[in-house]
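>>> 3D model of this:
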Amino acid sequence: QVQLVESGGGLVQTGGSLRLSCAASGSTFRAYAMAWFRQAPGKEREFVAAIKGSGGSTYYSDVGKGRFTISRDNAKNTLTLQMNSLKPEDTAVYYCAADPSFVRIGAEADYWGQGTQVTVSS
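Numbers count the residues shown, from 1 in each chain. From the prediction side, this is the model:
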């Protein structure tokens, strides 16, 4: 079992930056691939970025490529998403997710946080 708690969301102007964090507890953090997803009102959840348990590999969807950076600190059981050059279309609830499979986590995950709201004003 893994418990995930996101933080760091808020209101930011277009072009601004936010740093989201996800605190994990309950199991061996480095055993899990981690990912960020987001869901905007009226839209389906979409994958943003993922990172391997070791932190050695990452991949991104087109959503955040070049603007977002996913990272993790296995010593602190923390996942981070640094978001730069934010746009109004980035407005969504952002979720962190954990799964044993680095391959599967781009589509599904066993564990989810409750989400943190990001709002980008124009």
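>>> Please enumerate residues in contact with stretch 110-117?
Stretch 110-117 is contacted by residues 1-10, 20, 22, 32, 39, 92-100 when judged by Cβ atoms under 8 Å, 6 or more residues apart in numbering. For glycine as for every other residue, the C-beta is placed from the backbone atoms N, C-alpha and C.
>>> Filter those down to the buried ones.
With burial judged by 16 or more other Cβ atoms under 10 Å, the buried subset of the contacts of stretch 110-117 is 2, 4, 6, 8-9, 20, 22, 32, 92-99.
>>> that older thread, among the contacts of stretch 110-117, which are in strands?
Of the contacts of stretch 110-117, the ones assigned to strands by DSSP state E are 3-7, 10, 20, 22, 39, 92-99.
>>> and stretch 60-76, which residues are buried?
So, applying 16+ other Cβ under 10 Å, buried residues of stretch 60-76: 60, 61, 63, 64, 68, 69, 70, 72.
>>> just those: which has the poorest pLDDT?
Lowest pLDDT within these is found at residue 64 (84).
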